[in-house]
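# need a 3D model of the sequence below.
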Amino acid sequence: MQVVLTRNVEKLGRRGQVKNVKTGYYSNFLLPGGLAKVATPNLLQWAKKIEESSLKEKAQIAEKANEFKAQLEKETFTIESRTSDKDTLYASVGEKEIVALLEEKANVKLDKKQILLDEHIKTVGMHTVKIKLSGSVTAEIKIEVIAKEDN
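The predicted model follows:
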């Protein structure tokens, strides 16, 4: 049966999307939760308007993310960390430290889930870190880790 989602439903779709679902799924889960309604001509028109506004909004977000990406990729960010020997860090640099660094240096509030690290940074030197700014825009920033001088 064809339904129009009235709210975002995880693993199914976003508000305003038209989906084909089984009758039982609709009557037992979507309808009681107020998550969807049976598709009618009026609801299909509403869904089309929602989709159009969503596409415009996504384009604006992507444009701002691209501007921000260019700004971030110009800079090199520096983190000081204590080392156990010349090149190995006592504590690795992870997502939390990178988020704090970007918040302090670039006035950017990110979630640590947006930082795409294969593994934490454990050595001194220059490292490239990917940051997911929006659905389709990923920036690669340069982070230089230097040894902190002990007094």
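# just the strands in this protein please.
For the chain, strands defined by DSSP state E occupy the ranges 2-5, 18-20, 36-38, 76-81, 88-93, 115-116, 121-123, 125-132, 138-147.
# lowest mean pLDDT across the ones you listed, which one is that?
Mean pLDDT per stretch puts strand 88-93 lowest among those, at a mean of 85.
# follow-up on the earlier one: out of the strands of the chain, which comes closest to Glu57?
Judged by Cβ to Cβ, the one of the strands of the chain that comes nearest to Glu57 is strand 2-5, at 16.8 Å. Heads up, the C-betas are built off the backbone N, CA and C, glycines and all.
# format the strands of the chain as TSV; extra columns: distance to Asn28 and mean neighbour count.
Shown next, in TSV, are the strands of the chain (distance: least, Cβ to Cβ, whole Å; neighbours: other Cβ atoms under 10 Å):
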stretch	distance to Asn28	mean neighbour count
strand 2-5	13	20
strand 18-20	16	14
strand 36-38	12	18
strand 76-81	51	14
strand 88-93	47	15
strand 115-116	38	16
strand 121-123	48	16
strand 125-132	35	15
strand 138-147	39	16
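# mind listing residues that contact stretch 65-76?
Here stretch 65-76 makes contact (Cβ atoms under 8 Å, 6 or more residues apart in numbering) with 102, 105-106, 108, 126, 131, 133-134, 137-144.
# could you chop this structure up by domain?
Following automatic domain parsing, one gets these domains for the chain: 2-60, 66-147.
# measure Lys112 to Ile143 for me?
Distance of Lys112 to Ile143, computed by Cβ to Cβ, to the nearest Å: 15 Å.
# residue contacts, Leu30?
By Cβ under 8 Å, 6+ apart, the neighbours of Leu30 are 3, 5, 9, 21, 36.
# and it, how close does it get to Pro41?
20 Å.
# equivalent analysis for Lys130, please.
45 Å.
# and for Ile50?
15 Å.
# more neighbours: these two, which one.
Using other Cβ atoms under 10 Å as the criterion, Ile50 and Pro41 rank with Ile50 on top: 17 against 7.
# tell me, how many residues neighbour the residue lying closest to Lys19 once chain neighbours are set aside?
Setting aside the residues directly before and after it, Lys19 is nearest to Gly13 in space (Cβ to Cβ, 6 or more residues apart in numbering), at 5.4 Å. Using other Cβ under 10 Å, Gly13 has 18 other residues around it.
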